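Visitor: would you be able to build a 3D model of this:
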Amino acid sequence: MANDLFRIPVGKWAESALDWVIDNLGVFFDGVKAFFGQFYEGLDWVLTTPPFWAIIIVLAGLAFWLKGWKLALGSIVGFLLIYGMNQWENAMHSLALVLVASVVAVIISVPLGIAAAKSSAVSSVVKPVMDFLQTMPAFVYLIPVLLLLGIGPVPGIVATIIFALAPGARFTELGIRSVDSEVVEAGQAFGASPLRILRQIQIPLAMPTIMAGINQIIMLSLSMVVIAGMVGAGGLGGAVYEALTGLNTPLGVESGLAVVILAIFLDRVTASLSRSKKHAAA
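Guide: Residues are numbered from 1 along each chain as shown. Next up is the predicted model:
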């Protein structure tokens, strides 16, 4: 039964606020759409224009440099499987989307985490905002994003950024706060400025934790490819959505397996990068 005696019209307030944003900030969001569109198209061109084997060699070389021959060999086998399943272009479209969203999320979340670690007031604001962004169902983001940015890869990228921000800020704050206070005090005793202490002491020592947060950003971004496919972003998410709506089991299995291969590759690469940063800090 509907409750007519006590009704708080939060949804109507949100709709009114969104209408105001559309009416008054349309030019700003046109710029956002153009920026992300150009960023995505440029990276997508880099990944899809060369022959598939050239991209595989580059990615396998990155895996070999960071981890060793086992990851490089596994990457070659995985990417060849993606190509053999006829999902190569879709995979590269999704990889471009994930990389764009991850880069922007890192650029936003790491400074937020640093600011939160330096100021309890900032932390008290950032934490509930990150809680809200991480717990709000991702589909809810699509409503205002679609109204503001239309159909295509850009709304998928923006929704992915919003969804993936939280771990970057949280892990960065945790890493900075976990640095031994005696090390910081030693830097202060030698007359180092707060900025120099942050740049040369706290960030290097916190880098393994920060990299763990970046790893989570990338994984959450990849988990959003299916939702991004629902708003016209294409790629593997579009293939999964097509398989779901058409009950196409072969397409669903192949596109889903391609997502898994990309996830494993990105997880192993970023985890290896985190370990190398830890050894460098040590």
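Visitor: I'd like the average pLDDT over the top helix by length along the chain.
Guide: Taking DSSP state H as the criterion, the chain has its longest helix at helix 249-281. Helix 249-281 comes out with an average pLDDT of 76.
Visitor: now for that helix, which elements pack on it?
Guide: The contact analysis (3 or more C-beta pairs under 8 Å, 6 or more residues apart in numbering; DSSP states H and E) places helix 249-281 against helix 52-66, helix 69-84, helix 88-118, helix 203-223, helix 235-246. For glycine as for every other residue, the C-beta is placed from the backbone atoms N, C-alpha and C.
Visitor: so for Val125, which of these sits nearest?
Guide: Closest approach to Val125 among those (C-beta to C-beta): helix 88-118, 8.2 Å.
Visitor: go through the longest helix of the chain and flag the buried ones.
Guide: 251-252, 254-259, 261-263, 265-266, 268-270, 272-274, 276-277 (16 or more other C-beta atoms under 10 Å).
Visitor: ditto for stretch 154-170
Guide: For stretch 154-170, using 16+ other C-beta under 10 Å, the buried residues are 154-170.
Visitor: same question, stretch 102-122
Guide: 102-106, 108-110, 112-118, 122.
Visitor: residues in contact with it: which ones?
Guide: With C-beta atoms under 8 Å, 6 or more residues apart in numbering as the test, stretch 102-122 has contacts from 36, 123, 126-127, 157, 160-161, 164-177, 198, 203, 210, 213-214, 217-218, 221.
Visitor: isn't Ile197 right next to Ala189, touching?
Guide: No - Ile197 is not in contact with Ala189 according to C-beta atoms under 8 Å; the separation is 10.9 Å.
Visitor: compare these two (neighbour count), which wins?
Guide: Ile197 (19 against 8; other C-beta atoms under 10 Å).
Visitor: now do the contacts for Met219.
Guide: 263, 266-267.
Visitor: please apply the same query to Ile227.
Guide: Contacts of Ile227 by C-beta under 8 Å, 6+ apart are 138-139, 142, 156, 159, 237.
Visitor: the same query, at a cut-off of 6 Å, please.
Guide: Ala138 (C-beta atoms under 6 Å, 6 or more residues apart in numbering).
Visitor: re the thing from before, may I see the helices and strands packed on helix 249-281 arranged in a markdown table, with mean pLDDT and distance to Val27 as well?
Guide: Output for the helices and strands packed on helix 249-281, formatted as a markdown table (pLDDT from 0 to 100; distance: least, C-beta to C-beta, whole Å):
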| stretch | mean pLDDT | distance to Val27 |
| --- | --- | --- |
| helix 52-66 | 87 | 37 |
| helix 69-84 | 88 | 40 |
| helix 88-118 | 88 | 20 |
| helix 203-223 | 84 | 28 |
| helix 235-246 | 78 | 29 |
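Visitor: right, so of these, which gets closest to Asn24?
Guide: That would be helix 88-118 among those, by C-beta to C-beta, at 22.9 Å.
Visitor: and that closest one with helix 69-84, angle?
Guide: Orientation note: helix 88-118 sits at an angle of 130 degrees relative to helix 69-84 (axes from the mean of the first three to the mean of the last three C-alpha atoms, to 10 degrees).
Visitor: following helix 88-118, which helix or strand shows up next?
Guide: helix 120-135 (DSSP states H and E).
Visitor: following the chain past that following helix, name the next helix or strand.
Guide: Counting by DSSP H and E, the next helix or strand C-terminal to helix 120-135 is helix 138-149.
Visitor: and for that following helix, what's in contact with it?
Guide: By C-beta under 6 Å, 6+ apart, helix 138-149 touches 18, 29, 33, 155, 158-159, 162-163, 227, 231.
Visitor: with respect to Lys67, which of these is nearest?
Guide: Looking across these and measuring by C-beta to C-beta, the closest to Lys67 is Phe163, at 27.6 Å.
Visitor: what values do phi and psi take at that closest one?
Guide: Main-chain dihedrals, Phe163, degrees, to the nearest 10: phi -70, psi -30.
Visitor: next up, the contacts around it.
Guide: By C-beta under 6 Å, 6+ apart, the contact set of Phe163 is 138, 224.
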